[in-house]
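1. okay, sequence plus prediction incoming.
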Amino acid sequence: MFLAALLAVDPPAVVHGQEKPTITVTRQVKHAIDARLFGQFMERPSWSGEIGPEAALVPGTHQLRPRAEELIRQMRIPVLRFPGGTDVDYLDWTDMIDNAPGRKDPKRPISKPRGNQISNGFGYDEFLRLCDRHGSEAIVVVNFRDGLLKVRKLEDAARHAARLVAYCNAPIDANLPEGLAEWAKLRAKNGHPKPYGVRYFQIGNETWFFRAHAMMIAPKDTNGYWFRCLKAYVDAMRSVDPSIQIIVDGYPIQVAAMTHKHLGDAIAYFAVHRYHPGPIRQVRRNGKPVDVSTLSPEDIWKGWAACPTTGPDGQALLVDHALHRARRLGYKIALTEWNWNGWWATRGYKLDSLQARGIGAASFLHAMLRNGDVIRMANQSMLIGQGWPINAIRVDPNDKVPGYMFPSGLVTTMYSQHHGDKLLAVDIKNMPTYEQPYQFAGLGPAKRVATVDVLATRTQDALFVHMVNRRFKDEQEVVIDLKAFTRVGPKGRLHILEGRINNEAAPGEPLAPAALRSKDFKLPSRRFGLRLGPRTVTFAEIPLK
C-alpha cells in the first residue's frame, strides 16, 4: 500500500564507506511518561466551517454514527476534553442538556456563540457516556468570561459553573449548598442517576485573550482582580466536589504565579496551548520573502517535518517560557490544546500534505515527551470534524463518505497504544542532519534537523524505540544497540505509520492517506539494524525478560 522497507539484521559497522547512524539505548531514566499525554480534544467550534462532533450525528438523534464511534474506540484515548475551545466562554452550558430549568421548550436550543450558529445535538450526557464506554477520563471546561468580564455577577457566574459540577458529579441525595442539589436530580431525570465522576474541570479557555478587557475593569490591580475571580470559581466548584482536579490557564504568567502561590495544590495543572506553524502567508529565507512557487515539495516537506523546532543535535525541541516558570515554581502543565496546525494562506505552493502534517505532529509529540517531567497531560486538537486539516477523524455530515482517520490522529493513536511509562536516555551517533533554511510562519529556520528523531521508553516488560523518519524520499538505515539490557526476547515487533504524499485517493488507493500496521521480526542480537521507509514513524518494541 505505502512504501516502508524494513530490515532487521545483525549489521556491519560501516556501509558504503560511512558509519551507520547508531542509537544506543541506556538504562538511565530521565523522567516518567504519563499516559495522559496522548489525549484528544473534542471541540465544538462554530466558525470557519467546522462544527466538530455535530457533523457526525445520526440525523434526528444525539448519537454519533457507528463508524465515528468505532474509530474513537480504536484510538484508546486516555483523556478527552470537551466542549471548548473559544466558544465555551460564550455559551451557557445548560443549552447542552435536556430539560434545563427555566427553558420553555424542553428541547435543546440552537446556540449562537459570537454570532455563529451551532446545534447542541451532542452535549454533556452524550460526551460523558462516550467517555464511560471507552474508558476515557473527561476534562470539562467551564465558562470563565462571564465572571471575569462581569457578563454576570461574579458570585452567580461561579455558582453556575458549580451547577455543572453538580450535574456531573453530585449524588442525587447529596447535601449541597442551596440551589445545587436539583442539578443532580436533573441528571437522573435525563437518564443517568449515577454520578459521572468527572475528575478534571478547566476554568475558561485561553483566558489571556481577555486581559485587555480585564485591565479596563481593574486597571490598578488586574492580576489581583483576576486571581479573586479564579478563587471564586474554585471555591464554588469545590463546594460541590472537593475531589475534583482543577486546571487554570498558565497565562497571563503573573496570574498563574499568584494563583500557584495562594492556592497551591488546589490547582492541579496550568494549561498551555501550542500550535505550529499557523497560517502561512509568506515564506522567508534570511529574512527576505521567497516566491513560494520556487519551493520544491521536498523543501516544504523538510520544513513542515521539523516541528516545533530542533536543538543542537537536530532532535525536536519545545521552547516555552511557561515550562521554565513551571519548573522553577513547582507546578505542572496540561497542554490542553496542541497540534501541527498550519495552512497555506497564499498561492503557488507545490505541497499541501496531510502526511507531512502527521510527521510534523509526531516530531512535535517527541518534543513534548522530552518535557514530560513538567507536561503531565495533553490534548491533541481536534478529535472529530468535517473541515479543518487538523481533524483526527474526518467525517462527512451527509454520510456519503465513511469516516476515516488523518495521519495526525493516527500518530497519537500509535503512541497511546505503544509506549513505556519511563523515558530513557539515548546516545545517538552519526545521525545525518540537514539545514532547513525557510521560515514557514511559526516553523523554522533550523541549522540542524536530524533525519530521524528518536526517543526510547520502557515498561517493566518491554522497551520501545520510537523513530520519526523525516526523509522525504529515501530510506534511512539505523543501528539499534541494546547492550545495556542483558536479557531481551528473541523476537521484536515493529509498529509502523506510513502514508502517501497526496491527500486525495487515486483509483485503487484507500480513502485514508495513512495507515498503521504491525509485524514481528527476529532479533539476531542485542545490536541490530533497521531500514526505515521514508515519511514513516516506526516503533521497535522489544520484550525484556
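-> Looks like it came in fine.
2. can we go C-alpha only for contacts and neighbour counts from here?
-> Will do.
3. give me the most central residue, this protein.
-> The structure's the chain has its C-alpha centroid closest to residue 380; by CA atoms, centre = their mean the separation is 1.7 Å.
4. for it, which residues make a bridge with it?
-> For residue 380, the beta-bridge partners are residue 40, residue 338 (DSSP bridges).
5. looks like it contacts residue 39 (just checking).
-> Yes: counting by CA atoms under 8 Å, residue 380 does reach residue 39; the two are 6.2 Å apart.
6. residue contacts, the residue nearest to the centre of the chain?
-> 38, 39, 40, 41, 336, 337, 338, 339, 412 (CA atoms under 8 Å, 6 or more residues apart in numbering).
7. CSV for these, including neighbour count?
-> Below are those laid out as CSV (neighbours: other CA atoms under 10 Å):
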residue, neighbour count
38, 26
39, 29
40, 30
41, 27
336, 28
337, 22
338, 22
339, 27
412, 25
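8. tell me the pLDDT at residue 7?
-> The score at residue 7 is 56. That number is its pLDDT.
9. the one 10 residues further on now?
-> In this prediction, residue 17 carries a pLDDT score of 51.
10. likewise for the one 4 residues further on?
-> Note on residue 21: pLDDT of 97.
11. I'd say it and residue 477 touch.
-> Yes: assessed by CA under 8 Å, residue 21 is found in contact with residue 477 at 7.2 Å.
12. quick one: residues contacting residue 356.
-> 301, 304, 305, 501, 535.
13. again with residue 360
-> Residues near residue 360 by CA under 8 Å, 6+ apart: 304, 305, 306, 307, 308, 340.
14. just the buried ones from these?
-> With neighbours counted by 16 or more other CA atoms under 10 Å, these contain buried members at 304, 305, 306, 307, 308, 340.
15. show the contacting residues for the second one.
-> The reference is to residue 305. Taking CA under 8 Å, 6+ apart as the test, what residue 305 contacts is 356, 357, 359, 360, 363, 470.
16. and the first one, that one's in a strand?
-> Which is residue 356. No: assigned with DSSP: H, G, I helix; E, B strand; the rest coil, residue 356 falls outside any strand and is helix.
17. now it: how far from residue 52?
-> Separation of residue 356 from residue 52 (CA to CA, to the nearest Å): 23 Å.
18. show me the helices in the stretch 351-500 of the chain, by range?
-> In the stretch 351-500 of the chain, the segments counted as helices under DSSP state H, counting those that start in this stretch are 354-369, 407-417.
19. tell me which of these sits most buried.
-> The highest average neighbour count among the helices of the stretch 351-500 of the chain, using mean count of other CA atoms under 10 Å, belongs to helix 354-369 at a mean of 27.
20. what angle do it and helix 407-417 make?
-> 40 degrees (axes from the mean of the first three to the mean of the last three CA atoms, to 10 degrees).
21. what about helix 354-369, distance to the chain center?
-> Counting by CA atoms, centre = their mean, to the nearest Å, helix 354-369 is centred 11 Å from the centre of its parent chain.
22. now stretch 320-329
-> Distance, stretch centre to chain centre, for stretch 320-329: 20 Å (CA atoms, centre = their mean).
23. longest helix in the chain, by number of residues?
-> Identified as the longest helix of the chain according to DSSP state H is helix 222-240.
24. in it, what's buried?
-> Neighbour-count burial for helix 222-240 [16+ other CA under 10 Å]: 222-223, 225-227, 229-234, 236-240.
25. how about low-confidence regions in this protein?
-> Scanning the chain with the threshold set as pLDDT under 70 gives 1-18.
26. any idea which strand is longest in it?
-> Assignment by DSSP state E gives strand 267-280 as the longest strand of the chain.
27. just the angle between that one and helix 222-240, please?
-> Using the same axes, to 10 degrees: strand 267-280 against helix 222-240 is 120 degrees.
28. hang on, the earlier thing: nearest to residue 105, of the contacts of residue 380?
-> residue 41 (30.2 Å; CA to CA).
29. can you list the contacts of residue 380 in TSV and add distance to residue 418?
-> Output for the contacts of residue 380, formatted as TSV (distance: CA to CA, whole Å):
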residue	distance to residue 418
38	11
39	14
40	16
41	20
336	21
337	22
338	20
339	20
412	10
